[in-house]
Structures are given as C-alpha cells and as structure tokens.
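Trainee: Quick one, structure for this:
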Amino acid sequence: MAFSLKPHHSRRLLHSSRAKIAQPSSSNAGNVVAFPPPVSSSLSVLSSSAAQPAAAAKSTPVRAPRSPLVVRASSSAAAIAEPEGIKINSVPTKPIEGQKTGTSGLRKKVKVFMQENYLANWIQALFNSLPPEDYRNGVLVLGGDGRYFNREAAQIIIKIAAGNGVGKILVGQDGIMSTPAVSAVIRKREANGGFIMSASHNPGGPEYDWGIKFNYNSGQPAPESITDKIYGNTLSISEIKMADIVDVDLSRLGTTKFGNFSVEVVNPVSDYLELMENVFDFQLIKTLVSRPDFRFIFDAMHAVTGAYAKPIFVDKLGASLDSISNGVPSEDFGHGHPDPNLTYAKDLVDIMYGENAPDFGAASDGDGDRNMILGKGFFITPSDSVAIIAANAQQSIPYFHNGAKGLARSMPTSGALDRVAQKLNLPFFEVPTGWKFFGNLMDAGKLSICGEESFGTGSDHIREKDGIWAVLAWLSILAYCNKDKKPGEQLVSVSDIAKEHWATYGRNFFSRYDYEECESEGANKMVEYLRDLVSKSKEGEKYGDYILQFADDFTYTDPVDGSVVSKQGVRFVFTDGSRIIYRLSGTGSAGATIRIYIEQFESDASRHDVDAQIALKPLIDLALSISKLKEFTGREKPTVIT
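Mentor: Down below sits the predicted model:
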C-alpha cells in the first residue's frame, strides 16, 4: 500500500481491507529488542551492544519482576453482549481520582498506573466517550516507546478494545512504535485512531513515569472536546468491558484471531521509513552522509528511535554504524532522562563541543517526537530550527517543492518563524502549546511546517511532531548547500547556515528556564499572582529599562472550528519586541513544572554571536523579579536552562 501525501479527511468510512500479513519472525534472544524487516535484513534494528560506540554500551534493559495483571474481575463479573467467538466480561469498577489528561495524554508514576483498574478505567472511559461508529468493527493502532510497563499495558488495552467491539488492533512488534510512526500508520492504514504508550521525554523504569494518549483518525492527538469527555467518564465509570482472551505474543510478526477480532503485529519501522522516502530526497542526503569528509552522530538516548536509526541512517543513507549512539531501546532508557536538551543529552553535547567534533549532531527523545540539533560547538535553538527549515524547505526537500501552505508556532516559541512567514508571504498562525492545535490547521489545508520551542518540529506529512523528520530536514539542507562541494573543499556548516539566516532575518535571542516538580500550591499561587498583575497592567508602564506594550493571559480562537482556549500562558510584551512568558507545563507526572520563556530580537549582525544568556540577562533578571518565583516556590535555580 503506497503512501498518499494528500490531506486526510477528519472522518473516514470504516474499511475492511487488510494489509498482507508478514511471516512470523524467529523469537528474540536475550534482552535485546529486535525488529525483523518485512523485506530485507537492512531493516533490522541495531541489536548488539558490540555494534555501539563505547558510550552506548553502558546499560542493559531493565527486566524487573512483574506485578499481576492490574485489571481484576471479581466473582460478580457478568458476561455481556458478545461479538462472534469472544466472551466479554463486565468487570465492576469505581472512579479513581486524578485521571485528567495534560497537554499530551495522562502521565503518572508507573506505580500509579499499576494500581487495580487504574489504566483500565481510563481506557474504558475513552471508549465510553467516543461515538460507536468511530471504533466499532474498526481498526486501531497501538504502539509505545518501549518503557517499563508497556508490555503489560498493551495486553490490557487489547482486551478492552476487543471488549468494546473493535475489529482489529495493529500493534508494533514488542509493543514498540514511535509517536510519529503511530501517526503515520494511522494515516497510511486509514485506521480509526491509535493508542500511544509513552510519557514522552520523562524518565522510565519501575520508579519513574508512564503515560497513555489517544490519537484520532487523522493521526493527531485527540482534541480537548474528547479528552474532557474522557475525564468526565472517569468520574462516573462503573464497569470495564473486558474480552476473555489470552495474551497475544507481541514478539512475533503476524496475525492472531479471536473470533471476528484480530491482532496484527507489524514491523514498527517499515511504514514510517516508506513515508520518509516519499518526503525527502534520500539520494541527495546520501551524497552528504556517505562523504568521507562529513561525520555525524545521532544519539537515540536508549529510546524508541534506536529502532529506527540503523534502518534509516545506516542502511538507507550510508552512515557508519558508529554514528549511532545509545541505539538499543531500554525499558529505563539506560538509567537516563530521554529529553534531548543541553542538560540531559550531556554526552552528545560534550562530543559536539569537544575536540575533533563531528560536523552534525542530533538527538531524539523517549517516544521519538522531539529533537535537538547541534553543529561543531554550536547549538540550534528549536525556535531557530523550525525557522531555518521553513526558510530552506522549498529548495531542499521534495515534499515542499511547490511551497508551503502556511507556517505556525506555539505561542511561547520565539518570533523567528514569524519573520520567515512574512518574507515568504505565507499565512502564519500562533497557537497554544500542544500539537493538536496544529492538526486542525493541517487538516484544513492551511499549514505545512510548524514547531514548538520544547524541541518539537514537524510538518503535515503526519499529525505529530517528528524527531527523525527534523534530523532528515537538517541533513537535506546541509546536503543541498554542499551538493557542489568537491572533496577537500570547505563544507558549509550548521553554524554557517544559522548565521546566514540571522543575517537575513535578524536573530531572536531565546531561552527557557524550567523549574521541575515544584510544589503545586506555590506554583499555582504564582500564576494567580501574575494573572492579577496582568489584569491591572497598562500600556506604557515601565519595567526596568523596558516599556510595556501589553500583558495578557493568552487566549486562542481556532480559525477552523471556532473553538476557544483560554489561560494558555501569561505574557508580558514590551515595545522593543521583547517578551516574557510564564506557563505551567502539562507534561510532568508529579508536582508542577514552571516554565519561563525569555526572548529579545536583535537586528544588529555585529551582536549575533553574543551568548544568549549574556544578551538576555537583563530580561531574565526582570522575569524572575516580576514573578517572585523564589518567594512562591523557594527555588533558587532552574532545573534546566535551554
């Protein structure tokens, strides 16, 4: 089945077509996750620590003792209406507090999800919230980032899906499938939606985090109209519809049938790889990656993109095997924090800022939707990254050869992309944080390229941000800029491209201060204080050396469906274009994460090489003073500075 790069409709007819079933693979050995290819061995995942650079072989996947299944049918469980060939039990349950989703799904500590019926309640509440025609006899996709508890959770989700009348589940082998790949598979297979088992960039393991979210039939995260219904149903749930079927062997490719319900275990890489080959000019990229005078490193951070790195970068693009670091997915991400930023991807940063650094460095996060881009001793901020990709996409990426439909960024992201949209005369949108807001614009044909300052970049090829897509976009730009360079000639570098961009558009100095796991009470009081300050603010007020243009709590009216979202971040915008923004993040699993965003535009090219922390110091000091953060939270320093 070939990929269609045309926009998908927001609702599809249910279909009965089935993909050709792959032959089952031999069982996996030891603790290594392997993904047999549908066609050739070139698609097998990097499966031996001996094939990794030294830094990659630090850890082994966690295999802690397993707890019993967390859905328990009491002796009073009653059989209910059954589809052909399956017995369905009605499992009594009660509401459980705290099941309201955040920016991207429900995230809690693993031990919370392992409580009796905790996950099952949320899954059943989801089915109770959807119109039956959105899933009955339909196809759903299931995948995850490989973190601890995913294998048990997959079995629970499969049984509840069967219990609610779903016709088929497409699940990645061993439960593995990156978030971008889930979106791609939903769109290619015309599925009704999909479950993603991930807490994204949060740590994994028995003591850490787990998460679940649902993507709709266009491949995008469920809108708030659905997540609000799910939460409402978690407050009144009384039964779980559970199919009485055995666990499915997720280690083997192929289809298992239970009456008129089936589970197909699929290769998690092949559909996504096919899409990337349709979006990018792989031959152009290969001319750069395979050059003896070009070196790059991709750090998979022991996360899900380890399954995708070798098939794409090594087998297809000709990179050397040692260019992949930490390429074996692990249930606890190698005891690390799979967040690709300057703090948690320290090994990569040290390499790229060290002697004899590679020409290009990149990292991705737990579930593969975020990215970090580095040159030799040079960091590309996510705000700059999406702007540079947008400015160069038409000439270097085939998917955009006819030009972009529009550009968009999340509200806290710097204004660098705004300037590209203005110069290219493209429609531009500023949306709240959360990829679902981009999805509406994409489905309406209004948006092609977008990004968030939180290391998320993507386009309308799917309905999620996409870490490997961003890496391939940068490699495409570098390859295009160096296509006429002969061996021995100086190559155009990452820093050269960034500095040329600043010379054309100006530089938006940008930084983000994260204060993770703050006491919720103090964090909420700080935000209420800021909202009160905003309500009393007036244009022209002086804040140190800055003059206020306006202050507000960002409200967004969706131009497609007219829905309104409020309280999306407190903004102080000054007359010189500088901005200070405060938000509580919805991606943590405990406490509250406060994010402060600081931005200042600089048109003077002679100042473009100034370190961002130095250029922004007066504004940073002002941001901390305005918020009284230390007074409300007791925090002296941020957890992470970007």
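Trainee: which residue ranges form the strands in the stretch 401-550 of the chain?
Mentor: Ranges of strands in the stretch 401-550 of the chain, per DSSP state E, counting those that start in this stretch, are 407-410, 428-431, 449-452, 456-459, 507-518, 542-543, 546-553.
Trainee: Can you tell me which helices and strands the helix or strand where residue 121 lies packs against?
Mentor: Here residue 121 sits within helix 118-129, counting by DSSP states H and E. With contacts taken as 3 or more CB pairs under 8 Å, 6 or more residues apart in numbering; DSSP states H and E, helix 118-129 sits against helix 150-163, strand 209-215, helix 224-234, strand 239-243. C-betas here are computed from N, CA, C, even on glycine.
Trainee: I'd like the strands of the stretch 401-550 of the chain as JSON lines, with mean pLDDT and distance to residue 630 appended.
Mentor: What follows is the strands of the stretch 401-550 of the chain, written out as JSON lines (pLDDT from 0 to 100; distance: least, CB to CB, whole Å):
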{"stretch": "strand 407-410", "mean pLDDT": "98", "distance to residue 630": "27"}
{"stretch": "strand 428-431", "mean pLDDT": "97", "distance to residue 630": "30"}
{"stretch": "strand 449-452", "mean pLDDT": "97", "distance to residue 630": "27"}
{"stretch": "strand 456-459", "mean pLDDT": "97", "distance to residue 630": "29"}
{"stretch": "strand 507-518", "mean pLDDT": "93", "distance to residue 630": "10"}
{"stretch": "strand 542-543", "mean pLDDT": "94", "distance to residue 630": "18"}
{"stretch": "strand 546-553", "mean pLDDT": "96", "distance to residue 630": "21"}
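Trainee: could I get these as CSV with distance to residue 225 and mean neighbour count?
Mentor: Formatted as CSV, the strands of the stretch 401-550 of the chain follow (distance: least, CB to CB, whole Å; neighbours: other CB atoms under 10 Å):
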stretch, distance to residue 225, mean neighbour count
strand 407-410, 20, 26
strand 428-431, 16, 19
strand 449-452, 21, 28
strand 456-459, 22, 27
strand 507-518, 29, 22
strand 542-543, 38, 14
strand 546-553, 22, 16
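Trainee: Would you reformat those strands as a markdown table and include distance to residue 236?
Mentor: What follows is these, written out as a markdown table (distance: least, CB to CB, whole Å):
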| stretch | distance to residue 236 |
| --- | --- |
| strand 407-410 | 33 |
| strand 428-431 | 32 |
| strand 449-452 | 34 |
| strand 456-459 | 34 |
| strand 507-518 | 31 |
| strand 542-543 | 47 |
| strand 546-553 | 31 |
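Trainee: ok, back up a step: if you compare the helices and strands packed on helix 118-129, which one is most tucked away?
Mentor: Stretch with highest mean neighbour count among those: strand 209-215 (a mean of 26; mean count of other CB atoms under 10 Å).
Trainee: That one packs against which elements?
Mentor: Applying 3+ CB pairs under 8 Å, 6+ apart, one finds that strand 209-215 contacts strand 106-109, helix 110-113, helix 118-129, helix 150-163, helix 179-188, strand 193-197.
Trainee: who does the last one pair up with?
Mentor: So the one you mean is strand 193-197. Strand 193-197 pairs in its sheet with strand 139-144 (parallel), strand 209-215 (antiparallel), by DSSP bridges.
Trainee: Out of those strands, the one nearest residue 464 is which?
Mentor: In terms of CB to CB, the element of those nearest to residue 464 is strand 209-215, at 7.5 Å.
Trainee: any idea of the mean pLDDT for the closest one?
Mentor: Mean pLDDT, computed over strand 209-215, is 95.
Trainee: Would you pull up how far that strand lies from the middle of the chain?
Mentor: 11 Å (CA atoms, centre = their mean, to the nearest Å).
Trainee: swap in stretch 162-169?
Mentor: 27 Å.
Trainee: Quick check: end-to-end length of that stretch?
Mentor: 9 Å (CA to CA, to the nearest Å).
Trainee: Need the residues that contact that stretch.
Mentor: Stretch 162-169 is contacted by residues 14, 18, 83, 86, 88-89, 124, 127, 132, 135-142, 157-158, 161, 240-243, 245, 258, 260-264 when judged by CB atoms under 8 Å, 6 or more residues apart in numbering.
Trainee: which stretch among the helices and strands packed on strand 209-215 comes nearest residue 410?
Mentor: Among the helices and strands packed on strand 209-215, the nearest to residue 410 by CB to CB is helix 179-188 (16.9 Å).
Trainee: Could you single out the most deeply buried of the helices and strands packed on strand 209-215?
Mentor: helix 179-188 (a mean of 29).
Trainee: Quick check: mean pLDDT of that one?
Mentor: On average, helix 179-188 scores 98.
Trainee: and that helix with strand 139-144, angle?
Mentor: If you take axes from the mean of the first three to the mean of the last three CA atoms, to 10 degrees, helix 179-188 sits at 170 degrees to strand 139-144.
Trainee: Who are the packing partners of helix 179-188?
Mentor: Helices and strands touching helix 179-188, by 3+ CB pairs under 8 Å, 6+ apart, are strand 139-144, strand 193-197, strand 209-215, helix 270-279, helix 467-481.
Trainee: For the ones you listed, please prepare JSON lines with the additional fields distance to residue 635.
Mentor: Below are those laid out as JSON lines (distance: least, CB to CB, whole Å):
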{"stretch": "strand 139-144", "distance to residue 635": "33"}
{"stretch": "strand 193-197", "distance to residue 635": "31"}
{"stretch": "strand 209-215", "distance to residue 635": "21"}
{"stretch": "helix 270-279", "distance to residue 635": "40"}
{"stretch": "helix 467-481", "distance to residue 635": "29"}
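Trainee: Nearest to residue 461, out of those?
Mentor: With CB to CB as the criterion, residue 461 lies closest to helix 270-279 of the helices and strands packed on helix 179-188, at 5.2 Å.
Trainee: buried subset of the contacts of stretch 162-169?
Mentor: The neighbour count (16 or more other CB atoms under 10 Å) marks 83, 86, 88-89, 124, 127, 135-142, 157-158, 161, 240-243, 245, 258, 261-264 as buried among the contacts of stretch 162-169.
Trainee: Can you give me the neighbour number for residue 354?
Mentor: By other CB atoms under 10 Å, the residues close to residue 354 number 11.
Trainee: do the same with residue 143
Mentor: Here the number of neighbours of residue 143 (other CB under 10 Å) works out to 30.
Trainee: Am I right that it is in contact with residue 180?
Mentor: No: under the criterion of CB atoms under 8 Å, residue 143 makes no contact with residue 180, lying 10.3 Å away.
Trainee: What are the neighbouring residues in contact with residue 632?
Mentor: Per CB under 8 Å, 6+ apart, neighbours of residue 632: 522, 523, 525, 526, 529.
Trainee: Pull out the buried members of those residues.
Mentor: Buried members of these, counted by 16+ other CB under 10 Å: 522, 523, 526, 529.
Trainee: mind putting the helices and strands packed on strand 209-215 in CSV, distance to residue 410 included?
Mentor: Conversion of the helices and strands packed on strand 209-215 to CSV gives the following (distance: least, CB to CB, whole Å):
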stretch, distance to residue 410
strand 106-109, 19
helix 110-113, 28
helix 118-129, 25
helix 150-163, 28
helix 179-188, 17
strand 193-197, 20
